[in-house]
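Structural data only, the sequence is not supplied:
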């Protein structure tokens, strides 16, 4: 176990035999944009290219075909298909990863939407394994998050620790119920579901918290937000385009309620952001409506 977070390694078991790794701890860098897909094509491609430069061109090896749902090799033909889909389709989806059979911690998820409903947003999420964090250090990961954010017209976004698992597999989150309450700094991602209704709200509190319009303006801008935060190690950095990022400490922390590590800086920011927090998830893979509501409010109650 790292001093900052637990090692999470859960494997699928078939016929009593341990098979592939399907849940692990990772770092998620996610952005929600109240823009339709065709308004975002160039910005999303720029961020994806930035991520690939950071991890290496050969790491991502597979993608899910948006029409068949099958895994396909991400070779030159696969990249050509994805770029074509990005440019021509009014809405699209892609899921890229290192391995089609195991959760390795390198993934990209994108939902480019039409914004037919008031709460819909387009969403882009990059995953890194904690091994990358340990090898390159938290400052480099923070710099990468800022590089990924630079061209994106986000309303909100975040970067920090998460349970990394295939969102499309029903029932996966049964196995992390107890850990999710013990380690409140480990997010439970749900980019597909959340992007259908989050709108311009903010999805919880994380190590890195990206805020844009309209929420940042309603908080009085970066200066107004900074005046409300007093925890040691919390910083507010103003970004271009009336945006800001709030960083909670040097390292992303999972916390540990059994060890008394309650993440007070997370609680402080949660109370400041409470009127704008997104808390609309219902029952979800082992979590009843009440359980999920309690988890969403873990830094408030």
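Thanks, I have the structure now. Worth saying up front: this structure is predicted, and the values here are computed from it rather than measured. Numbering: from 1, shown residues only.

how about the helices in the stretch 201-301 of the chain?
Taking DSSP state H, counting those that start in this stretch to define them, one finds helices in the stretch 201-301 of the chain at 215-218, 221-226, 264-273, 289-296.

contacts for the third one?
Helix 264-273 is contacted by residues 184-185, 202, 204-205, 209, 215, 219, 225, 228-234, 246, 248-249, 255, 277, 299-300 when judged by C-beta atoms under 8 Å, 6 or more residues apart in numbering. All C-beta spots, glycine's among them, are computed from the backbone N, C-alpha and C.

So for that helix, what gets flagged as buried?
Using 16 or more other C-beta atoms under 10 Å as the test for burial, helix 264-273 gives 265-270, 273.

Of the helices of the stretch 201-301 of the chain, give the one that comes closest to residue 76.
With C-beta to C-beta as the measure, helix 215-218 is the member of the helices of the stretch 201-301 of the chain nearest residue 76 (41.0 Å).

pLDDT (mean, whole number) over that closest one?
Mean pLDDT, helix 215-218: 98.

mind checking how far that helix is from the chain centre?
21 Å (C-alpha atoms, centre = their mean, to the nearest Å).

Can you give me the buried ones in that helix?
Those would be 215-216, for helix 215-218 by 16+ other C-beta under 10 Å.

Which elements pack onto it?
Contact partners of helix 215-218 among helices and strands, from 3 or more C-beta pairs under 8 Å, 6 or more residues apart in numbering; DSSP states H and E: none.

which residues touch that helix?
Identification of contacts with helix 215-218 by C-beta under 8 Å, 6+ apart yields 155-156, 200-202, 222, 225, 242-244, 273, 276.

mind listing the helices for the stretch 1-150 of the chain?
Using DSSP H, counting those that start in this stretch, helices in the stretch 1-150 of the chain cover 41-55, 76-88, 130-136, 138-149.

confidence score at the nearest residue to residue 20 once chain neighbours are set aside?
Nearest residue to residue 20, sequence neighbours excluded (C-beta to C-beta, 6 or more residues apart in numbering): residue 102, at 4.3 Å. Looking at residue 102, its pLDDT reads 93.

what's the weakest-modelled helix or strand in the protein?
Taking mean pLDDT, DSSP states H and E as the measure, the chain has strand 9-14 as its least confident helix or strand, at a mean of 85.

That strand pairs with which strands, and in what direction?
strand 17-33 (antiparallel) (DSSP bridges).
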